[in-house]
Structure formats: C-alpha cells, structure tokens
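I'd like to go over a predicted model; first the sequence, then the structure.
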Number of protein chains: 2
Amino acid sequence: MGDFAIRPATADDLPDIVAMLADDPLGAQRESPDDLTPYEAAFTRLAGDPQQHLVVAVREDRVVGTLQLTVVPGLSRRGATRSIIEGVRIHSDERGSGIGTRLIEWAVDESRRQDCQLVQLTSDATRIEAHRFYERLGFEASHLGFKLRLG
Amino acid sequence: MGDFAIRPATADDLPDIVAMLADDPLGAQRESPDDLTPYEAAFTRLAGDPQQHLVVAVREDRVVGTLQLTVVPGLSRRGATRSIIEGVRIHSDERGSGIGTRLIEWAVDESRRQDCQLVQLTSDATRIEAHRFYERLGFEASHLGFKLRLG
C-alpha cells in the first residue's frame, strides 16, 4: 500500500463518504447515495460544530476511509472529557490494508491533543470482526450499547 | 413521592451532582467529592457548548437526579442527528421512585425537539439492573460499547 494522508473532510468529499457508508451490510439498508441532500445538510451542521472532527483518509487523491470524532466534556470521572468515534468506514478495495488502524490511531492521538481521558465507541453486536479489531487496538468491550430509534 | 421538576443544572448544583456521581459502586473509585475544582472546570466547558444539556431533577429544592444529553450531528443513516445520554444518577434515597424513568423520558423528548433520529447510551456490563431499566423504556442492547482509557 502507498502512503496516505488523513485530513478534515470537505463538502466535495461527500459523494465518496456516502458511497462508503452505503457499501456496508448494515448501511446498504439505511443510506441513500443517489440523494445527497440530507447529507449536505448534516455536513453543514458538522462543519459548524467545533467539537466535531470529520476526517477522510486519502491515497493518491482517492478517498479510502472516513471517521467522525466528537469531543464530549462531562462531569463524571473527575470532570473527564471523552471522545466518541462514529461512522468508521473503509473503502471495500482497501480493507485489511491498515487504513482502519491508522484512522483509529489518528482519533486516539487527536483525543489526547484535546485532553480527553477516554475514547469510546459502540459497534453493532453483529460486527464480530470489528470487535476483534478494536480489541487489538487496546479497546475494552466493557459496556453494552443501547439505542432507541425515534419514529 | 411529591412532584419534581427537571431543569438545566447550574454551578450551584455541582456539590449535589458530584455527591451523586460518587455515591455509586463504580463512581466511588473514580470521583473526588472533596475537591470540586476539576468539576467546576468541566461545568464551564459544558455550559459553553450548545450541544450539551446537563439537567437535574429537583424535588422540594433538593437535587435528586442528574443526566447529561449530547446532541451529535452525523452523516450516517441519511444524515441523522443522534443524542447520547451520559452520567445518569439518581440520589440513593430516591431510587425506585420513578425519577430515573422521568429523566430518560425528558431526554427522549428533548432529543425529538432537537430533531434527533436516534438516542443512544452505554451502560457498564456489570449494571444488570440498569440494562433491564433501559430495555423497559424501549432501548435495544444492539451494540457493544468499547472504551480506551488514555493514560
């Protein structure tokens, strides 16, 4: 694999990011890559929120990965700030290439820069390979993740 | 149980909130109710972040519960905004009184007001009673929650 860079996402990256979100066993049912309108509105909200860090991994001018990092201040654990990783996706051509590891390492490094004491994420219970991946990177599956869909 | 109100937390509520955070099997090892300095700094960060909603439940001028709600825009699920619940604590005298249910219902209602499509939270795997509580309120334990402590 050649060298790649991690940089903040721009609105021009949206088609590539949404294509990756949709190219996924769970995402296939939830995304609409042919209609970017809702994603453009969401990107505007992300760009206006200083606690949001949406990045892409780029190799030879091609977007090959993405991740969203949210910085969350809080009172518990002696006023600890935590970060939350969401929306990790790697282009299907590039899985197993180490880009996922580098994206998570970027998120951990950025969390330290932001004085976070904890990095957390949830992973669908069916994503067994992802669980092994996060455990290899030092994450501990100490919690259950609950979700409630609002109709 | 008498009537109670849910309102935004103020700096004056910090001693009561921290006492609740510390009065917990896990929190007892992680909190420092005798030194509020780190909590005051964290409260300032929370108060300055428009996506953060730290509330207390108050009954007869007494703080009896707390919860932190974070609104997180995102691209996945067609640009869905989600909310994240953290730091749910009920005063030990008031457990089983329905205050926890009312706090979570407040968080769900506020999430709808903020146009969230999803409410999520993680709960330590050892908090079996909390898991039943969230399931009774309609949450689904569909995910694993991973954490990495930054040293």
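Here it is on my side, so go on. Residues are numbered from 1 along each chain as shown, chains lettered A, B, ... in the order given.

residues near the residue lying closest to residue A:20 once chain neighbours are set aside, how many?
Using Cβ to Cβ, 6 or more residues apart in numbering or on different chains and skipping the chain neighbours, the partner closest in space to residue A:20 is residue A:89 (4.1 Å). C-beta here means a position set from N, CA and C on the backbone, and glycine is covered the same way. Residue A:89: 27 surrounding residues under other Cβ atoms under 10 Å in any protein chain shown.

and what of residue A:93?
8.

next up, the contacts around it.
Going by Cβ atoms under 8 Å, 6 or more residues apart in numbering or on different chains, residue A:93 touches residue A:64.

part of a helix, is it?
Yes - with DSSP: H, G, I helix; E, B strand; the rest coil as the criterion, residue A:93 is assigned to a helix.

returning to that earlier point: hang on, the residue nearest to residue A:20 in a strand?
Yes - Residue A:89 forms part of a strand when assessed by three-state DSSP.

hmm, it is touching residue A:64, no?
No - using Cβ atoms under 8 Å, residue A:89 makes no contact with residue A:64, being 9.7 Å away.

could you pull out the helices for chain A?
For chain A, the helices defined by DSSP state H occupy A:14-22, A:37-47, A:76-79, A:99-113, A:128-136.

looking at those, which one is packed in the most?
Among those, helix A:76-79 has the highest mean neighbour count (mean count of other Cβ atoms under 10 Å in any protein chain shown), at a mean of 22.

what comes into contact with that one?
Contacts of helix A:76-79 (Cβ under 8 Å, 6+ apart): A:73, A:117-118, B:21, B:27, B:30-32, B:38-43, B:86-87.

and the most centrally placed residue in chain A, what does it touch?
Per Cα atoms, centre = their mean, the C-alpha nearest to the average position across chain A is that of residue A:67, at 2.5 Å. Listed by Cβ under 8 Å, 6+ apart, the contact set of residue A:67 reads A:54-55, A:85-89, A:103-104, A:106-107.
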